[in-house]
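Asks: Sharing a model prediction with you, sequence too.
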Amino acid sequence: MVRREVNPPADGWSLTLPAGLWADLSRHLFTDGAGHGAVILAEHVRGPRGPRLLGRRLILAGDGVDYVEGTTGHHALRAEFVRDAAVLARDEGLAYLAVHNHYGTTTVGFSIVDLSSHERGYPALRQITRQLVGAVVFTSQAAAGDLWLPDGTRTTLAEVVVPDNNVLRLQPRPAEPAARDPEYDRQSRLFGDRGQETLRQLHVAVVGLGGVGSVVVELLARLGVGHLVLIDADHAARTNLPRLIAARHDDVGRPKTSLAARNARQANPDVMLTLIQQEVQTPRARDALAYCDWIFLAADTDAARHWVNEAVHQHLIPATQIGVKIPVDADGTLGQIHAVTRPITPDGGCLWCNELIDATELAIDMLPDAERERARYVAGVPAPSVIALNTLAAAEAVNHFMLAVTNLHHDDTGQAAVLHRPRSRDRDLQNPRRNPLCPTCSRCRQRT
Amino acid sequence: MTTPTPAVQAAIDAVRDDFAGHPVEVVPDGAGGAYVVVDGVHLGGQYTPPTTWLGFQINAAYPRSDVYPHYIGRIARHDGGSLGEAVTDTEWRGRPALQLSRRSNHWNPAVDNAALKAEKVITWFAAK
């Protein structure tokens, strides 16, 4: 496989497209080498490096019907098609982005004819929609955008992001070569300097800093991930010590966020840390997830699953759920051990579709602490938990992440979970189920 | 302070409609949900008193989340009998209360809602 140079994240406005939307758009634009058009309606939110546009709806323009020979350029969207899409954008409060494709591979930009067309049409369109309007031009490996903001200003799009098995970052031209950091020489030989720079620029959340999460933090920090958001309300207990990476006996009673922060700083003194010593269902933690590039879900409460799942589908941020299940019957019989690493991507099957969240347990998790204990009136028995099994799942998850963000997976697409069964030494891939009517993830699949 | 989400606010409005004529007290929970208390709920002549308040939280994860558990004022059976399973003495938001634990094992946000769940809990308890 020829290495495809990854683009590190770019500061400024970005457009994120769910993988399925990008697949549909790619098929439309790049099948036959001809020019094609479409409109993307996008939600506007804030992000870690600037404003984000989240692709919510794709409207394909029929060749010769909606995308026709123009009077001043090669092709243009038909006026009625533009009007209908603009009205939809106005009614749904979404940004309007006209899309077309150019020839080329890793470099793309608007032609003079394109820009003249924007200057003729977009001031009026912006008034009609009262939303951001603009255009995006694509090749299969590059994208450029011209954005007309509601406040009357105009700016460019820094990148289009497609979070899938590889996280594609389409920019107007390949990123400048990154400086090599000698400390990361050995791993840069795998990732490339731009791949290492990508890791340095990423904001990654770890939800749950126990037996799995503490391992994930250690690995991310040593990989050189630049900003970690560490979320856990718990304090270290004596029974946690055998599973918390680098924990000491005098750590009992200390917040798990503090232990994870200490380890992260030992691994990488330059790492930026955001510590949230609260449960993930609190507003501050929920808000923090929206400013990340990737989320590791290493907590096994239903609230943690729900809110991470929400962040994936509401903010189009990829996540990985990590868990180890060691089933032991009432009579002590040990069942099959599962170590699961489950990608959760926008447009992939969500945790609700896969029946991994219980609505009543979620309600209990959302209660204040004292009421939660009373509501769960049948006392639970602690499940078995072992560091080596946790490490198996954590390493699988971090390997998947680092190959995804540096574009080193063989396939750009795919959301299969990896299931290790250590007792029988099996390793399987498991594709997620998708409920087409799921109110959580179906919003990533709006096509017209 | 995070104000109730639009879904929670809509659920509160539906509860007010469903329990028209009953005082309904709403206190935001600060995280996007709200505590709701419906007053003057009639639970049946087999109880003393026969009428009390019904309280519950509609949390920020609603409508994906079930509404669970529910709370009522402490009441007793006229005949002195047990209140049965899934009813426990507790306190809720400073009030002496009974906790009513009725799970919705197949909660479906397209069908189930806070007002309907409150009605079901009342019906279940009144039929005891």
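Replies: Okay, I see it. Residues are numbered from 1 along each chain as shown, chains lettered A, B, ... in the order given.

Asks: burial of whichever residue of the stretch 1-150 of chain A sits closest to chain B, as a residue count?
Replies: Using C-beta to the nearest C-beta, the single residue of the stretch 1-150 of chain A nearest to chain B is residue A:93, 13.1 Å away. No exception for glycine: its C-beta is placed from N, CA and C like everyone else's. For residue A:93, the tally of surrounding residues (other C-beta atoms under 10 Å in any protein chain shown) stands at 12.

Asks: likewise residue A:436?
Replies: Counted with other C-beta under 10 Å, residue A:436 comes out at 8.

Asks: Show me what the helix or strand hosting residue A:188 is packed against.
Replies: In this structure, residue A:188 sits in helix A:185-201 according to DSSP states H and E. Helices and strands in packing contact with helix A:185-201 are listed as helix A:387-405; criterion 3 or more C-beta pairs under 8 Å, 6 or more residues apart in numbering or on different chains; DSSP states H and E.

Asks: Show the model's pLDDT score for residue 50.
Replies: Picked chain A for this. You'll see residue A:50 listed with a pLDDT of 97.

Asks: meant chain B, my bad for not saying
Replies: 95.

Asks: about what we covered before: list the contacts of the nearest residue to the residue of the stretch 1-150 of chain A closest to chain B once chain neighbours are set aside.
Replies: With C-beta to C-beta, 6 or more residues apart in numbering or on different chains as the criterion, residue A:93 has its nearest non-adjacent residue at 6.7 Å, and that residue is residue A:131. Taking C-beta atoms under 8 Å, 6 or more residues apart in numbering or on different chains as the contact definition, residue A:131 lies against A:44, A:89-90, A:93-96, A:150.

Asks: Swap in 7 Å and give it another go.
Replies: A:89-90, A:93-96, A:150 (C-beta atoms under 7 Å, 6 or more residues apart in numbering or on different chains).

Asks: Helix, strand or coil: sort out residue A:221 for me.
Replies: Residue A:221 carries the three-state label helix when classified by DSSP: H, G, I helix; E, B strand; the rest coil.

Asks: meant to ask about residue A:427
Replies: The three-state label for residue A:427, taken from three-state DSSP, comes out as strand.

Asks: can you pull up the bridge partners for it?
Replies: Here residue A:427 sits in beta bridges with residue A:420, going by DSSP bridges.

Asks: Now that it has come up, it's in contact with residue A:417, right?
Replies: No - counting by C-beta atoms under 7 Å, residue A:427 does not reach residue A:417; the two are 11.2 Å apart.

Asks: neighbour-wise, which of these two wins?
Replies: Per other C-beta under 10 Å, whichever of residue A:427 and residue A:417 has more neighbours is residue A:417, with 21 against 12.

Asks: who touches that one in this structure?
Replies: Each residue near residue A:417 by C-beta under 7 Å, 6+ apart is listed here: A:340-343, A:430, A:432.

Asks: what is the rounded mean pLDDT of stretch A:185-201?
Replies: In this model, stretch A:185-201 has an average pLDDT of 95.

Asks: Show me what counts as buried in that stretch.
Replies: A:187-188, A:191-201 (16 or more other C-beta atoms under 10 Å in any protein chain shown).

Asks: Same question for stretch B:48-63.
Replies: The neighbour-count check on stretch B:48-63 (16+ other C-beta under 10 Å) flags B:52-63 as buried.

Asks: Could you single out the nearest of these to chain A?
Replies: Nearest to chain A among those is residue B:59, at 3.7 Å by C-beta to the nearest C-beta.

Asks: Next one: that closest one from residue B:36, what distance?
Replies: Relative to residue B:36, residue B:59 is positioned 11 Å away (C-beta to C-beta, to the nearest Å).

Asks: Leaving out the residues flanking it, which one is nearest to the residue of chain B positioned farthest from its centre?
Replies: With C-alpha atoms, centre = their mean as the measure, chain B has its most outlying C-alpha, relative to the mean C-alpha position, at residue B:79: 24.8 Å. If you skip the residues right next to it in sequence, residue B:79 has residue B:46 as its closest partner in space, 7.3 Å away by C-beta to C-beta, 6+ apart.
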